[in-house]
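[1] need coordinates for the below:
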Amino acid sequence: MSDGPNDQPMHHGAPAHALERLVFFSDAVFAISITLLVIELKVPALPRSASDGAFLQALADLTPHFVGFLVSFFVIGAFWSGHHRAFDCARHWSPRLLLPNLFLLCSVAGMPFFTALVSEYYGKLVPAAAYCFWLLIVAVCNLWNNSMAVAPPVAADDLDPEQAAMIRRRGWAVLLGTVTALLFCFVNPWLGQPMLISMALWRRLLEYLHRRGTLKTV
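    Got it, this is the predicted structure:
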């Protein structure tokens, strides 16, 4: 079948069909990955005769796993939200979307393993650094993928350039936040996950610099 406008392959007369399949597949991977996080929240193995104190202690011992679950749940949720926001601006299919999107989904699918690792050995340098380093990979793939979704030939023809720039700035803020968390792991491994909150601070800083006119290309 002949190509459509802008050399976009046609799929039964509708290039949007391939774009929809990519988004549906991506949503499924995000949903499965975020659900797999709960697997590490295992029920404590205690005898039925155990005291209430023993149950409370066993639940308290699971605190790192609950923390890891909640942090990664909202981190993956944030990446899904960014993916949704970016592809809401996309209107045209391009084969160039496949590779960055697959890299992003591959990195997101690995999040349950690294969450289990950092939860089991919370406060240890290597697990904390491995978690933040993997999250940095996710952030790079996220920026790559979402930037392509809001740029020609994929983006809607009438997309506001400011909207596209805002999505790219958010991607950069996430990346800078993960770099910050990774660096803090080497200062104190306990600070790795908590410093992911710096993503919001980076986003505010980038927005401020943009309003000041310092950032003209982001």
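[2] C-alpha from now on. contacts and neighbour counts both.
    Will do.
[3] could I get the average pLDDT for whichever helix or strand residue 74 is part of?
    Remark: residue 74 resides in helix 63-87, with elements defined by DSSP states H and E. Averaging pLDDT along helix 63-87 yields 95.
[4] pull the residues that contact it.
    Helix 63-87 is contacted by residues 23, 27, 30, 34, 37-38, 40-41, 108, 111-112, 115-116, 118-120, 122, 142, 146-147, 149-150, 164, 167, 171, 193 when judged by Cα atoms under 8 Å, 6 or more residues apart in numbering.
[5] quick check: buried residues in that helix?
    64-66, 68-69, 71-73, 75-76, 79-80, 82-87 (16 or more other Cα atoms under 10 Å).
[6] remind me which residues of the chain are low pLDDT?
    1-16, 215-218 (pLDDT under 70).
[7] ok, longest helix in it?
    helix 161-187 (DSSP state H).
[8] ok now that helix, how far from the chain's centre?
    11 Å (Cα atoms, centre = their mean, to the nearest Å).
[9] can you show me the CA trace of the helix or strand following that helix as CSV?
    As assigned by DSSP H and E, the chain's next helix or strand after helix 161-187 is helix 198-212. Extracted C-alpha coordinates of helix 198-212, given in CSV (Å, rounded to 0.1, in the frame of the first residue of the first chain):
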residue,chain,number,x,y,z
SER,A,198,14.1,16.5,43.5
MET,A,199,12.4,15.9,40.2
ALA,A,200,9.7,18.4,41.3
LEU,A,201,12.3,20.9,42.3
TRP,A,202,14.1,20.5,38.9
ARG,A,203,10.9,21.0,37.1
ARG,A,204,10.2,24.2,39.0
LEU,A,205,13.8,25.4,38.2
LEU,A,206,13.5,24.6,34.5
GLU,A,207,10.1,26.4,34.3
TYR,A,208,11.6,29.4,36.1
LEU,A,209,14.6,29.5,33.7
HIS,A,210,12.2,29.2,30.8
ARG,A,211,10.1,32.1,31.9
ARG,A,212,13.3,34.1,32.4
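[10] so which elements touch helix 198-212?
    Counting contacts by 3 or more Cα pairs under 8 Å, 6 or more residues apart in numbering; DSSP states H and E, helix 198-212 packs against helix 161-187.
[11] mind listing what's buried in the helix it packs on?
    Buried residues in helix 161-187, counting neighbours by 16+ other Cα under 10 Å, are found at 164-185.
[12] what do you get for stretch 90-108?
    Buried-residue list, stretch 90-108, by 16+ other Cα under 10 Å: 90-94, 97, 100-101, 103-105, 107-108.
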